[in-house]
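S.K.: test case, fold it:
(one chain, ligands or ions: 1)
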Amino acid sequence: MLDKIKNILKLIKSVDMAQLEKISKKVDLAEVLGAVSKMDENQLKMAMKMLTGSKKKKDPPAINADFYDVSAKLSPEDRALQMKVRAFLEAEIKPLVNNYWLHDEFPFEIIPKLAELNVCGYVYEGYGCAGGTSLMDGIIASEFGRIDPSIATFLGVQSGLAMGSIYMCGSDAQKQEWLPAMQQLKKIGAFGLTEPLVGSGTAGGLTTTCKREGDKWVLNGQKKWIGNSTFSDITIIWARDLDDQQVKGFIVRKENPGFAVEKIKGKMALRIVQNGLITLTNCEVPEADRLPNANSFKDTAKVLQMTRAGVAWMAVGCARGAYENALEYTLQREQFGKPIASFQLIQNHLVEMLSNLTAMQTLVFRLSELQDDDKLKDEHASLAKVFCTLRTRDIVSRAREVMGGNGILLEYNVARFLADAEAIYSYEGTKEINSLIVGRSITGYSAFV
Ligand SMILES: Cc1cc2nc3c(=O)[nH]c(=O)nc-3n(C[C@H](O)[C@H](O)[C@H](O)COP(=O)(O)OP(=O)(O)OC[C@H]3O[C@@H](n4cnc5c(N)ncnc54)[C@H](O)[C@@H]3O)c2cc1C
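M.R.: Here you go, the predicted model:
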């Protein structure tokens with residue numbers, strides 16, 4: 001008898017006060033105690049189950065943001081690389097980023113570790129680069145975006161915009177000089193196209209000018225928003241030739257006379273990325289540092305086509321990071337005595353997020369297949385950039401919403417994605433400009449002006 005009472009008390013102890021109060025409203029507890037004292041242990045357990053419902057918490061399903069198993073299409077080697085990159089980012093980058101983001105600083109200590117990971121310049125042939133597929137390059141960008149869009153942007157500028165300009169438009173000597181060192185992140189690059197007064201309209205007329213004087217060029221003008229430029233060794237500067245009015249590209253070294261850069265402060269997105277305002281005052285660049293295969297804006301656009309595809313992948317990562325953190329939170333957080341993940345309205349948000357994320361993942365997968373088959377057109381890259389960055393904005397905002405107040409605290413790992421999605425939405429061509437590129441392709445009418 002004593003044992004039975006002990007068991008009853010043990011079971012009652014395992015019920016929380018709110019539940020006990022609920023039970024006491026339904027039944028007379030003294031009567032129940034009398035009755036249960038006559039029960040054997042199994043009957044007792046069943047009775048408690050009837051009164052409280054099953055108290056054993058179910059383990060939630062594993063979080064799986066790759067709902068259509070897109071990764072299953074990868075070869076075992078590529079899948080292993082994806083997992084290696086993910087493990088690196090979880091271990092080396094994730095613990096640092098909130099603090100650096102908060103202080104608007106770049107974590108220089110990660111550069112040698114990133115070099116060791118050996119994914120910079122992943123798609124290029126030679127120069128120490130892996131010669132990998134655009135698909136895996138995209139997957140890598142997405143893995144970076146999933147942990148931190150700022151570090152993903154740092155790598156995107158270095159590997160895509162800066163190395164890509166040299167790889168696509170540079171001479172053999174320029175490639176030999178810069179690509180191996182940049183692949184190893186021993187030299188850092190930046191890409192200067194946007195100007196304070198000319199952003200979306202760069203194709204229509206850059207105000208930064210270049211003029212040939214003997215065996216050197218003289219550059220004048222300003223470039224705004226230039227990622228990595230506060231500490232980069234070189235910046236690719238795009239300028240309009242005063243003689244033939246065509247856009248030309250230059251490798252401008254930080255020590256070139258007439259080159260000055262000032263950090264842009266007060267950003268509310270991608271705070272780890274160091275963006276600079278560059279001023280070129282009679283900046284002298286030798287002819288040997290002009291990119292010989294950049295002879296009009298069309299050549300600049302070739303670089304942008306590749307990097308826009310990368311930004312679409314990065315947006316997938318940003319959305320995925322926010323979704324995974326938000327889902328995990330909703331499974332832990334309880335309100336009204338239940339995990340908030342069990343509420344219909346919360347599930348609606350989660351499913352909307354997953355639907356968009358799944359559409360984005362499948363879209364960028366096909367985008368990269370086109371790229372690897374050498375069939376990618378500007379409008380393909382632009383459509384992916386528009387769709388993914390737009391949907392990412394929706395996903396991060398729902399992620400923040402299901403987390404209530406904690407959604408705006410950095411430590412809960414969604415606020416950063418919420419803010420960063422704003423920059424990804426605007427850079428490498430805004431929604432309007434990329435939509436106009438697609439619009440021109442499907443209607444035959446250019447509607448830029
Ligand atoms: C964090 C960050 C990092 C960046 N990094 C770099 C970098 O490394 N290198 C670099 O060169 N640039 C960089 N940029 C610049 C970026 O590419 C530009 O901000 C972007 O192209 C938009 O230009 P803008 O900001 O001058 O906006 P604007 O061109 O002034 O546009 C303002 C608004 O007008 C709309 N608009 C403009 N023209 C049209 C039109 N014809 N029809 C309809 N709507 C139109 C735009 O869509 C936008 O909504 C970066 C920007 C940010 C925010």
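
S.K.: which parts of the stretch 101-250 of the chain sit against the ligand?
M.R.: Counting by CB under 6 Å from any ligand atom, the residues of the stretch 101-250 of the chain lying close to the ligand are 157, 191-194, 199-200, 225-227. All C-beta spots, glycine's among them, are computed from the backbone N, C-alpha and C.

S.K.: closest to the ligand among those residues?
M.R.: Within these, the smallest distance to the ligand is 1.7 Å, found for residue 199 (CB to the nearest ligand atom).

S.K.: one step back: now, which of the residues of the stretch 101-250 of the chain next to the ligand lie within strands?
M.R.: Among these, the subset assigned to strands under DSSP state E consists of 191-192, 225-227.

S.K.: how about the lengthiest helix in the chain, does it get close to the ligand?
M.R.: Of all segments of type helix in the chain, defined using DSSP state H, the longest is helix 297-332. No - Helix 297-332 stays clear of the ligand (CB under 6 Å from any ligand atom), getting no nearer than 9.3 Å.

S.K.: given the following helix or strand past that helix, what are its sheet partners and their directions?
M.R.: Following helix 297-332 in sequence order, the next helix or strand is strand 334-335 (DSSP states H and E). With DSSP bridges as the test, strand 334-335 is paired with strand 338-339 (antiparallel).

S.K.: now for the residues of the stretch 101-250 of the chain next to the ligand: which two are most distant?
M.R.: Spanning the widest gap among those are 157 and 200, at 19.1 Å by CB to CB.

S.K.: comparing the two, which shows the higher neighbour count?
M.R.: Taking other CB atoms under 10 Å, residue 157 and residue 200 do not tie; residue 157 has more neighbours (26 against 15).

S.K.: test my guess that that one contacts residue 228.
M.R.: Yes - using CB atoms under 8 Å, residue 157 is in contact with residue 228, at 5.1 Å.

S.K.: now do the shared contacts for those two.
M.R.: Shared contacts of residue 157 and residue 228 (CB atoms under 8 Å, 6 or more residues apart in numbering): 189-190, 273.

S.K.: that older thread, mind giving me the ChimeraX select for the residues of the stretch 101-250 of the chain next to the ligand, buried ones only?
M.R.: Applying 16 or more other CB atoms under 10 Å to those, the buried members can be selected in ChimeraX as follows:
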select :157,191,192,193,194,199,225,226,227
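
S.K.: what values do phi and psi take at residue 400?
M.R.: The phi/psi pair for residue 400 (degrees, to the nearest 10) reads phi -60, psi -40.

S.K.: give the full set of residues in contact with the residue nearest to it when sequence neighbours are not counted.
M.R.: Spatial nearest neighbour of residue 400, excluding adjacent residues (CB to CB, 6 or more residues apart in numbering): residue 407 at 3.7 Å. For residue 407, the contact set (CB under 8 Å, 6+ apart) comprises 326, 399-401, 414-415, 418.

S.K.: where along the stretch 251-400 of the chain do the helices fall?
M.R.: Secondary structure of the stretch 251-400 of the chain (DSSP state H, counting those that start in this stretch): helices at 297-332, 344-372, 378-402.

S.K.: out of those, flag the one nearest residue 70.
M.R.: Nearest to residue 70, of those and by CB to CB, is helix 344-372 at 5.1 Å.

S.K.: okay, buried residues for that closest one please.
M.R.: Neighbour counts over helix 344-372 (16+ other CB under 10 Å) mark 346, 349-350, 353-354, 356-357, 360-361, 363-365, 367-368, 370-372 as buried.
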